[in-house]
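Undergrad: Kindly generate the corresponding structure for this input.
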Amino acid sequence: MNTLPPVTLLYGDDEFAVDEQVKALIESLGSSDNILMNVSEFQANNLSFAELQSACDSVPFLSTCRLVLLKGLMDTSRNTNRVSSSKDMVEALISYLPKIPSSTALIIIENRKLPSNSRILKAVRAIKGAKVQECILPTKSDLLQWIKYRAVKVGGVFTDSGAYALADAGVDGPRALSSEIDKLLAYVNWERPVEADDVICLVPAAGQADIFLLVDSLAERDAHTAIRELRRLLGNGNREAIGVFGMIVRQYRLLLQTKEIMQAGGNAADVKNLLRLHSFVADKVTKQSQRYRLATLEHIYRRLLTMDVAMKTGSDNEIVLDIMVAGLTA
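TA: Numbering: from 1, shown residues only. Here you go, the predicted model:
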């Protein structure tokens, strides 16, 4: 007996979540032979309704269920002689939904948000036993819980600080984040929670989060916090003073470039594209740049270059960093 919903509508801008839902439904068929013989996948922009109905009406082969996947139904570009228009396909499908055989599970996949008054959305909800799942990309405020939930789902644990460090790393998209979570859990061998230091060690972009904290405190002229963050950076065994200084120089170079872009009428999207940054990093440097005048950033950058020469010509690197913090927070 088929226990899957007769119709499942998966939609939203989180393609990773959609793909995982589809994978779970396909794997529910059991053996690879069942999957091979009883799963049909169609792109609506190259399909007539007759072909779709024929697939849905087909009897499963040595199985209780047949899966039919339909992607891109709402694509309005279809208008050739061989296939129906998007509107005609939707109309025909809505009329057919109540007639789908009990041995068939139709999965409609839309990698976009649908309005609440969408006809296909309303039609699927009207089918007894149907499932509607909206898959929306997590917002920044949701990201901590998303990371911790994902870790638990794959058998591991993140501490709050570990989840925060990964969220701040600027990794683009749930698919890439999931890969980083898997890597971090393998690093700790699933034997202990992932800490912030693990993230900073293994995720290249995570070091940026530390620099944000330091530069924020420098911009606020908070010497106590700046010294604390500097010591924390230096306390990481993988970082020497010259490397930390290089990260600080890079950050102020980004701030200077960002300020110039903003004064020319740009926005965070322009910063992201022109400087080739992650969305999170672009948003952060845009906000940080607003705390400085352009002349101030130019002055700071010149001082940093002078310090760079001093560090490379024999001066005590940690003393130079201490002087830098004292000068920028005075």
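
Undergrad: buried ones in the helix or strand harbouring Lys23?
TA: Assigned by DSSP states H and E, Lys23 falls within helix 15-27. Buried residues in helix 15-27, defined by neighbour count with 16 or more other C-beta atoms under 10 Å: 15, 17-22, 25-26. For the C-beta atoms, the positions are set from N, CA and C on the backbone; glycine is no exception.

Undergrad: so which of the residues you listed comes closest to Leu304?
TA: Within the buried residues of helix 15-27, proximity to Leu304 (C-beta to C-beta) peaks at Glu15, which comes in at 41.2 Å.

Undergrad: can you tell me which residues contact the closest one?
TA: Glu15 makes contacts with 111, 135, 175, as judged by C-beta atoms under 8 Å, 6 or more residues apart in numbering.

Undergrad: quick one: the closest residue to the first one other than its chain neighbours and Val320, what's the gap?
TA: If the residues on either side of it in the chain are set aside, Asn111 comes closest to Glu15, at 5.2 Å by C-beta to C-beta, 6 or more residues apart in numbering. Shown here: Glu15 relative to Val320, a distance of 47 Å by C-beta to C-beta, to the nearest Å.

Undergrad: low pLDDT regions in this structure?
TA: For the chain, the stretches flagged by pLDDT under 70 are 1-2, 75-85, 170, 204-212, 236-239, 278, 280.

Undergrad: what ranges do the strands span in it?
TA: 7-11, 39-43, 66-71, 104-110, 131-134 (DSSP state E).

Undergrad: Out of those, flag the one nearest Lys284.
TA: Among the strands of the chain, strand 131-134 sits nearest to Lys284 (C-beta to C-beta), with 28.7 Å.

Undergrad: contact partners of that closest one?
TA: Strand 131-134 is contacted from outside by 5, 7-12, 21, 113-114, 121, 124-125, using C-beta under 8 Å, 6+ apart.

Undergrad: hmm, back to that, and the contacts of Glu15, which of them are in helices?
TA: Members of the contacts of Glu15 lying in helices (criterion: DSSP state H): Arg175.

Undergrad: So which of the contacts of Glu15 is surrounded by the most neighbours?
TA: Using other C-beta atoms under 10 Å as the neighbour test, those are led by Cys135, with 21 neighbours.

Undergrad: Next up, the contacts around that one.
TA: Going by C-beta under 8 Å, 6+ apart, Cys135 touches 10-15, 17-18, 21.

Undergrad: how close does Lys23 get to Ser86?
TA: Computed as C-beta to C-beta, the Lys23 to Ser86 distance reads 27 Å.

Undergrad: swap in Arg175?
TA: For Arg175 relative to Ser86 (C-beta to C-beta), the value is 28 Å.

Undergrad: Also Pro6?
TA: With C-beta to C-beta as the criterion, Pro6 and Ser86 are 23 Å apart.

Undergrad: now swap in Ser217 and tell me
TA: 54 Å.

Undergrad: Also Met307?
TA: Counting by C-beta to C-beta - Met307 and Ser86 are separated by 61 Å.

Undergrad: Could you do Ile107 as well?
TA: With distances taken as C-beta to C-beta, Ile107 is found 19 Å from Ser86.

Undergrad: Please identify which of these two sits among more neighbours.
TA: Neighbour count, other C-beta under 10 Å: between Ile107 and Ser86, Ile107 has more, with 23 against 18.

Undergrad: so that one touches Leu70, yeah?
TA: Yes. Ile107 lies in contact with Leu70 (C-beta atoms under 8 Å); the separation is 7.0 Å.

Undergrad: Sounds good, over and out.
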